[in-house]
Structure formats: C-alpha cells, structure tokens
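> generate a structure from the sequence data that follows.
(one chain, ligands or ions: 1)
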Amino acid sequence: MKTNKKMLILAGDGIGPEVMTQVRRVVDWFDRRRAVKFDMQDGLVGGASYDKHGTPLTDNTLADAMAADAVLFGSVGGPQYDVLPFEKRPERGLLRLRKELGLFANLRPAMVFDALVDASSLKPEVVKGLNIMILRELTGGIYFGEPRGIEKLPDGQRRGINTQVYTTNEIRRIARVAFELAKKRQNRVCSVEKSNVMESGILWKEEVIHVHKTEFPKAELSHMYADNCAMQLVRNPKQFDVIVTDNLFGDILSDCAAMLTGSLGMLPSASLGDVDQQGQRRALYEPVHGSAPDIAGKNIANPIAQLLSFAMLLRYSFDLDEDARLVEAAVEKVLASGMRTADIMQPGAAKVSTVVMGDAILRELDKQAA
Ligand code: NAD
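Just a heads-up that it's a prediction; the model follows:
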C-alpha cells in the first residue's frame, strides 16, 4: 500500500528552479513506478519570495515547512538582491528556516563516482570509491556563543571576541545522530575536536564517549584532533566512515572533504532537527551549491546535486534506502556512459544540457526498474 509523504519544494532562485524541474520529473517517476507516494507542495523562498511578498520567507511558507515531512530546497540569492537590507536578503529565508525547524545536524556526504575520479585534485587511487559522511553540529559552538563582539580597550586597541560553548545535551544529540547514521553504513564514527587545547573539546570527547558506551556500544568509535583530521582527509580520506564534529571544525572540514570529489554540481546535503512528538525528524535537503546566477536560465546547470539531495531525503526522512540507491545508481550509470554537464565536462565525454541529463537519468531509472 502506498503511504503519502508530505514534501515541500522550495526551488528558490537562479538555477534552483531549473534543477528542481528535473528532480520533479524523478519524483513523478517514483510516484508512478514505486511504492512511495508524495504529497507535493510548492512554495517561494529567497529572492522569488521577496519579489512577490516583500520578504524572503513568509509565515505561511514557514508553517508549510513545519507541517511537511521533509523540505527539498533549491538555492537562493542573486546580484539583484545584494542591495537589500540584511533582513530582506534571500539568504535570510534559508537561515530562518534552519532556525525555526531547529536543524542542528548538517550531513555532508563526500562521494566520488568512479566516472569522475579524475575531477578530484587528488590522485585517483586516493579517492576512488570514496564514500564518507561529515556530520557537522550546526546550531551551537563559536558562531553563536556569548559573549561575542568587538570591544574597545582602555589603551585604544580593539578586541574581537567569540566564544566556543557546548552543553552536554548539544553534544549528546549530535553524537546520537552520528551513531545512527553509522549504523546504516560501516558503523564507524570518528569524533573530531581539539581536546588537547580546548575545554569544550574535552567535554565534547567525554560526552561522545558517554553516548557510545551507554547507547551504541557496537559502533566503532575513534577520536582525532581537528588539525590532524584536515591532514588525514587529504592524505587518506577512505579511512573514515562518519566524522562528527562541531560547528566551526565542521564548516572547514566539510568543505575540504567536498573538494575531494572535485565538483560543486554533484554535492548534496541534509540538515536534520529533533524528532517531534509524532516521531518524525524535521529535515531540509539542499545542494551544497548556490544559485549560480552566472549560468541561470541557460539550461546548462548540473541537476545531480539537487537530485542526490532528493536521494538523501528518501533515505533519511522516509527510510527508503532502496529507492535512494536507485537514484544514486542511475546517476552513476549515466556518468559512466560518458554524459556530462558543462561543469564536469572531460575530454572525450558528451556535453549535455540540464534537461538532457534529466532525460538520461529517467531512462536509466526505467531500465533499472524494468
Ligand atoms: P554558487 O555555488 O552559486 O556558484 C559557484 C560556481 O559554481 C559558479 O561558477 C556556478 O556557475 C558554478 N555552479 C554552482 N552550481 C552549479 C551547478 N549545479 N551546475 C553547474 N555549475 C554550478 O556560489 P556563488 O557564485 O558564490 O553564489 C551565487 C549566489 O548563490 C549568491 O547570491 C550566494 O549568496 C548564493 N548562495 C546560496 C546558497 C544557498 O542557497 N544555500 C549557497 C551558496 C551561495
């Protein structure tokens, strides 16, 4: 029997609507061909919402997001909005969504498809088959800690202050997400901090150990200092399965890991919140890339990051691992056939448009499901 899953689609600005159109075709395919059925709703966000409503996120759209099982987000922003006051800027729409949905866990997979192994700046043998997950704490730590600010000192100098703070509960809840994620993978978690020089790092390590011992004793847990982790990511990234770390280190390490794969147009992400009273975890899925105004409207954007974000939605919000794998396998096959959008073009490959890439992925899904 089909169960309806409520999904809110916020395509946003720039290439967002173009790549989302291709994802919608895949969602329709799932509706027709698989056991899952979606109730889809569309909304405006970012500049598109500002143009219509004078705000980057209306209360109604926020309420729709709160009521949805999952939000599939495109991208926001564009040069025409750069002159707006801070609170009207497109990015505020996304930030408000993250805050109101309480999205504290940011999942950034770094996967290298065999066909794109040469796109990485690292040697093929170092990245071939790479599939790691960086889990970044998103709502705590030094970006939010108090006191913060810039103050004037009596001697005329100025002093800039930010504070790294983490509480027991903040650390435990992100650690739980890490161990849950690991269960569906190789069940290995590497916790990253700097407990050698930071008290908050000592607490981080102790609390992760506590969650491991009391709730997930079967998982393999290791610890690494953040500076060493940065080195290991470029030396031997395949040693990792799930990396869990704080907001600041996660910000840096997830970008570093992303670049192991070589292409922005291929990178999905997910942000998860707490489990609500109905047992549903709030979640928003989005590509790592932005609205790419330089190529918007040209039918050349790569839709794969957005599509892989939908695959994450299937896996993490709806527990549809097999369906998620179908999407990933279709992408893999199409890339292996030599089709490339301009951003991942290689000598000898066939350069295709956004829509033709969508066509090819649908054809591949048909083949796999035949
Ligand atoms: P960007 O990610 O939009 O683009 C960077 C470069 O990568 C550009 O050359 C672009 O053409 C290319 N690119 C990005 N995605 C691509 C895709 N799917 N296919 C092919 N090429 C792709 O970053 P930017 O240029 O720094 O920012 C542009 C706008 O996007 C800004 O307004 C920025 O604020 C916004 N932005 C939004 C988000 C978001 O919505 N989460 C994230 C980052 C930037």
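> give me the three-state assignment for the closest residue to the ligand within the stretch 101-250 of the chain.
Checking the stretch 101-250 of the chain residue by residue against the ligand with Cβ to the nearest ligand atom singles out residue 106 as nearest, at 11.6 Å. For glycine as for every other residue, the C-beta is placed from the backbone atoms N, C-alpha and C. For residue 106, the secondary structure call by DSSP: H, G, I helix; E, B strand; the rest coil comes out as strand.
> please report how far it lies from residue 251.
Here the distance between residue 106 and residue 251 works out to 9 Å (Cβ to Cβ, to the nearest Å).
> more neighbours: these two, which one.
When residue 106 and residue 251 are compared on other Cβ atoms under 10 Å, the one with more neighbours turns out to be residue 106, at 23 against 17.
> ok, the more buried one touching residue 139?
No. In terms of Cβ atoms under 8 Å, residue 106 does not count as a neighbour of residue 139; the distance is 9.3 Å.
> could you report the neighbour count for the closest residue to residue 184 other than its chain neighbours?
Nearest-residue entry for residue 184: residue 321, 7.1 Å, with adjacent residues in sequence omitted and distances by Cβ to Cβ, 6 or more residues apart in numbering. Residues within reach of residue 321, counting by other Cβ under 10 Å, total 13.
> which ones are touching residue 321?
184, 314, 315 (Cβ atoms under 8 Å, 6 or more residues apart in numbering).
> can I get the buried part of those residues as one PyMOL selection?
Restricted to the buried members of the contacts of residue 321, where burial is judged by 16 or more other Cβ atoms under 10 Å, the PyMOL selection command reads as follows:
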select buried, resi 314+315
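> quick one: least confident of the contacts of residue 321?
Of all those, the one the model is least sure of by pLDDT is residue 184, with 90.
> now that residue: how far from residue 291?
Counting by Cβ to Cβ, the gap from residue 184 to residue 291 is 31 Å.
> residue closest to the middle of the chain?
residue 269 (1.3 Å; Cα atoms, centre = their mean).
> in a helix, that residue, correct?
No. According to three-state DSSP, the state of residue 269 is strand, so it is not within a helix.
> and it, how far is that from residue 147?
As judged by Cβ to Cβ, residue 269 and residue 147 stand 31 Å apart.
> got the contact list for residue 309?
By Cβ under 8 Å, 6+ apart, the contact list for residue 309 reads 23, 72, 73, 268, 269, 270, 285, 286, 287.
> save those as JSON lines, and put in distance to the ligand and pLDDT too.
Below are those laid out as JSON lines (distance: Cβ to the nearest ligand atom, whole Å; pLDDT from 0 to 100):
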{"residue": "23", "distance to the ligand": "12", "pLDDT": "97"}
{"residue": "72", "distance to the ligand": "13", "pLDDT": "98"}
{"residue": "73", "distance to the ligand": "7", "pLDDT": "98"}
{"residue": "268", "distance to the ligand": "11", "pLDDT": "97"}
{"residue": "269", "distance to the ligand": "9", "pLDDT": "97"}
{"residue": "270", "distance to the ligand": "13", "pLDDT": "98"}
{"residue": "285", "distance to the ligand": "11", "pLDDT": "98"}
{"residue": "286", "distance to the ligand": "6", "pLDDT": "97"}
{"residue": "287", "distance to the ligand": "7", "pLDDT": "96"}
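> between the residues you listed, which is nearest residue 172?
Closest approach between the contacts of residue 309 and residue 172, by Cβ to Cβ: residue 270, at 20.0 Å.
> isn't the closest one up against residue 282?
No. Counting by Cβ under 8 Å, residue 270 does not reach residue 282; the two are 11.1 Å apart.
> ok, the spatially most distant residue from the centre of the chain to residue 57 distance?
Summary for the chain: using Cα atoms, centre = their mean, the residue whose C-alpha lies farthest from the chain's mean C-alpha position is residue 155, with a distance of 45.2 Å. For residue 155, the distance to residue 57 equals 44 Å [Cβ to Cβ].
> likewise residue 95?
The span separating residue 95 from residue 57 equals 9 Å under the rule Cβ to Cβ.
> in space, what's closest to the residue of the stretch 201-350 of the chain found nearest the ligand - neighbours in sequence excluded?
Closest to the ligand within the stretch 201-350 of the chain is residue 290: 2.4 Å, counting by Cβ to the nearest ligand atom. Excluding the flanking residues, the one nearest residue 290 by Cβ to Cβ, 6+ apart is residue 75, at 5.0 Å.
> quick one, what contacts the one you found?
Residue 75 neighbours (Cβ under 8 Å, 6+ apart): 12, 13, 14, 15, 16, 46, 286, 287, 289, 290, 291, 292.
> and if we set it to 7 Å?
Contact partners of residue 75, counting by Cβ atoms under 7 Å, 6 or more residues apart in numbering, are 12, 13, 14, 15, 16, 287, 289, 290, 291.
> format those residues as JSON lines; extra columns: secondary structure.
As requested, these are arranged in JSON lines below (three-state DSSP):
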{"residue": "12", "secondary structure": "strand"}
{"residue": "13", "secondary structure": "coil"}
{"residue": "14", "secondary structure": "coil"}
{"residue": "15", "secondary structure": "coil"}
{"residue": "16", "secondary structure": "helix"}
{"residue": "287", "secondary structure": "strand"}
{"residue": "289", "secondary structure": "coil"}
{"residue": "290", "secondary structure": "coil"}
{"residue": "291", "secondary structure": "coil"}
